[in-house]
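**Q** Sequence first, then the predicted structure, then my questions.
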Amino acid sequence: MAKFQAPKGVSEYVPERSNHFDYVRSTLINAAQVAGYQLIELPVFEDTELFARGVGESTDVVRKEMYTFEDRGGRSITLRPEGTAGVMRAVIEHNLDRGQLPVKVYYSGAFFRAERPQAGRYRQFYQVGIEAIGVADPRIDVEVIAVADRAFRELGLKNYRLEITSLGDAATRESYLTQLRAYIAQVDLDSETRERAEINPLRLFDDKRPEVREVMSKAPVLMDYLTPESSADFEKVKELLSALRIDFHVNNRMVRGLDYYTGTAFEFVHADLGAQSGIGGGGRYDGLMAQLGGQELSGIGFGLGVDRILLAREAEGLVLPAEFGLDLYIVPLGVGDAALALAEALRARGIKVDMAFGDKALKGAMKSADKSGARYAIVLGADELASGEVQLKEMQTGESSSVTLSALANELIERISSFGEHL
Ligand code: HAM
């Protein structure tokens, strides 16, 4: 029988690489949690109409990339291509917007877009995202950006840059779109492109074809049409980013791939990733909640691409921090029951412990200790149990020291925490 393979273009992670994935994802989640974002866990499929309306009919995501199917009840269902529309749906449905504002939530999970697979572009991929809904304050724009930037720095990334722009408010867009439509009306375009431009002329900035790029390079730029209020907000965002020492580059031609953006929009771009360089992006969305049947409340958030951030770490040659791995590996010599009891006692103290199973010979078990990546190893045999003492071996240096079994937990805890202080 032919062997089964994963579906084309999906990302999946098995050990050892899954440890790196886990580290990236948990660091991103932690960065959101320490800023007061709470978990929102949502279905991976929703009513198709939610994305059509929320993400926008003119976007590639809705036009070409959705996994849409009819369920057994004849309903049109779509696997979520992004997280913001679902969060909005849930906030409205559960009346979260009637409580304390802003509503600050984070999510982590799989997203689906039927794109042409290539390095860093998958049909099932992972995002960690946050959304802060209900307060239009430039400080929140900066908080959201800072959460991502802090996470990237914690992950050790260096070769990335933050690009920001402002897409203005409704009045900005009204005057700008009039100019842009007038410009587009007098240039040469095929009928499909023109049709697309009629739904959302901004989409043409996204078009990769050289002839369209050429035309759009001469189009009016939105930033020149910002109303005084939008302009003041954008100035404030820039000022606060500088105060927090977060480097940024203003990119006044940035067009995000989703239709709901207004005001501040941003992307983090990594230099070592080739064509799929966006490691995360987001922005403010003033009209989305009302568009989905809720109140007129503003929101802002980001989605960070866990797969691409992992690739970025690999491109920068970053290794897993020691404290993310195992602390201790136990090699039992004929005393497996005692080893298991010791492992459980140490685990109960928060120490990360694994051990050899299945009566492995010493040599094989030491190899497993090596491969486990644990920082320390002990051999536990009848002698050690009788004397109550083990040799605690530091795997990297090969240095051993005598520790009594009763002091082992405290000794490990001390060493682990003092290791952290040296970082
Ligand atoms: P997005 O820019 O479409 O925004 O996606 C965010 C990130 O997800 C991208 O920067 C990229 O790292 C990753 N990503 C997107 N598509 C793929 C793919 N096919 N393969 C691998 N990674 C991918 C959003 O999704 C918005 N919901 C973000 C947001 C939240 N805006 C406001 N709130």
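**A** Received the coordinates, thanks.

**Q** helix, strand or coil for the residue lying closest to Asn19 once chain neighbours are set aside?
**A** Closest residue in space to Asn19, ignoring its immediate chain neighbours: Leu320 at 6.1 Å, by Cβ to Cβ, 6 or more residues apart in numbering. For every residue, glycine as well, the C-beta is placed using N, CA and C. Secondary structure state of Leu320, per DSSP: H, G, I helix; E, B strand; the rest coil, is coil.

**Q** how many other residues sit next to Leu320?
**A** Leu320 is flanked by 15 other residues according to other Cβ atoms under 10 Å.

**Q** Surely it and Tyr23 touch.
**A** Yes: Leu320 lies in contact with Tyr23 (Cβ atoms under 8 Å); the separation is 5.8 Å.

**Q** mind listing what the residue nearest to Asn19 touches?
**A** Contacts for Leu320 (Cβ atoms under 8 Å, 6 or more residues apart in numbering) come out as 19-20, 23, 373.

**Q** in stretch 175-185, what counts as buried?
**A** Buried residues in stretch 175-185, counted by 16 or more other Cβ atoms under 10 Å: 176-177, 179-180, 183-184.

**Q** can you tell me which two in those residues are farthest apart?
**A** Farthest-apart pair in those is Tyr176 and Ile184; separation 12.2 Å (Cβ to Cβ).

**Q** overlap in contacts of the two?
**A** With the criterion set as Cβ under 8 Å, 6+ apart, the contacts of Tyr176 and Ile184 do not overlap.

**Q** What number of residues are in the vicinity of the closest residue to Tyr23 other than its chain neighbours?
**A** Distances taken as Cβ to Cβ, 6+ apart put Phe324 closest to Tyr23, at 5.1 Å, once the chain neighbours are dropped. Phe324 is flanked by 15 other residues according to other Cβ under 10 Å.

**Q** Could you number the chain from 3 rather than 1 from now on?
**A** Shifting the count to begin at 3 puts that one at Phe326.

**Q** Wait, Phe326 touches Arg27, no?
**A** No: between Phe326 and Arg27 there is no contact under Cβ under 8 Å: 11.7 Å.

**Q** The residue nearest to Tyr25 and the ligand: what is the separation?
**A** With distances taken as Cβ to the nearest ligand atom, to the nearest Å, Phe326 is found 22 Å from the ligand.

**Q** correct me, but Phe71 touches Ile79?
**A** Yes: when contacts are counted by Cβ under 8 Å, Phe71 is listed as touching Ile79 (5.9 Å).

**Q** how much space between Ile142 and Met397?
**A** 45 Å (Cβ to Cβ, to the nearest Å).

**Q** Settle it for me: which of these two has more neighbours?
**A** Neighbours per residue, other Cβ under 10 Å: of Ile142 and Met397, the larger number sits with Ile142, 22 against 19.

**Q** Is the more buried one part of a helix or strand, or is it coil?
**A** helix.

**Q** which residues touch it?
**A** Residues near Ile142 by Cβ under 8 Å, 6+ apart: 104, 134, 302.

**Q** Contact distance from the ligand - what residues of the protein qualify?
**A** 84-86, 115, 117, 123-124, 127, 129, 131, 133, 259-260, 280-285, 303-305, 307, 309-310 (Cβ under 6 Å from any ligand atom).

**Q** Could you rerun that using 5 Å?
**A** Contact residues (Cβ under 5 Å from any ligand atom) of the chain with the ligand: 84, 86, 115, 117, 123-124, 127, 131, 280, 282-284, 303, 305, 307, 309-310.

**Q** Of all the residues in stretch 213-233, which ones are buried?
**A** Buried, per 16+ other Cβ under 10 Å, within stretch 213-233: 214, 217-218, 221, 224-225, 227-229, 232-233.

**Q** Now, those residues that are in helices?
**A** When the buried residues of stretch 213-233 are checked against helices (DSSP state H), the matches are 214, 217-218, 232-233.

**Q** Tabulate the buried residues of stretch 213-233 (JSON lines), appending distance to Gln35 and pLDDT.
**A** Shown next, in JSON lines, are those (distance: Cβ to Cβ, whole Å; pLDDT from 0 to 100):
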{"residue": "Val214", "distance to Gln35": "42", "pLDDT": "92"}
{"residue": "Val217", "distance to Gln35": "45", "pLDDT": "91"}
{"residue": "Met218", "distance to Gln35": "40", "pLDDT": "92"}
{"residue": "Ala221", "distance to Gln35": "42", "pLDDT": "94"}
{"residue": "Leu224", "distance to Gln35": "35", "pLDDT": "92"}
{"residue": "Met225", "distance to Gln35": "34", "pLDDT": "92"}
{"residue": "Tyr227", "distance to Gln35": "38", "pLDDT": "94"}
{"residue": "Leu228", "distance to Gln35": "34", "pLDDT": "96"}
{"residue": "Thr229", "distance to Gln35": "36", "pLDDT": "96"}
{"residue": "Ser232", "distance to Gln35": "31", "pLDDT": "96"}
{"residue": "Ser233", "distance to Gln35": "34", "pLDDT": "97"}
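
**Q** Nearest to the ligand among the contacts of Ile142?
**A** Closest approach between these and the ligand, by Cβ to the nearest ligand atom: Ile302, at 6.6 Å.

**Q** Pretty sure Leu191 sits in a strand.
**A** No: using three-state DSSP, the secondary structure at Leu191 is coil, not a strand.

**Q** distance of it from the ligand?
**A** Taken as Cβ to the nearest ligand atom, the span from Leu191 to the ligand is 25 Å.

**Q** Now do the same contact list for that residue.
**A** 199, 214, 217.

**Q** would TSV of those residues with distance to Ala409 be doable?
**A** Listed next are those as TSV, based on distance: Cβ to Cβ, whole Å:
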residue	distance to Ala409
Ala199	73
Val214	71
Val217	74
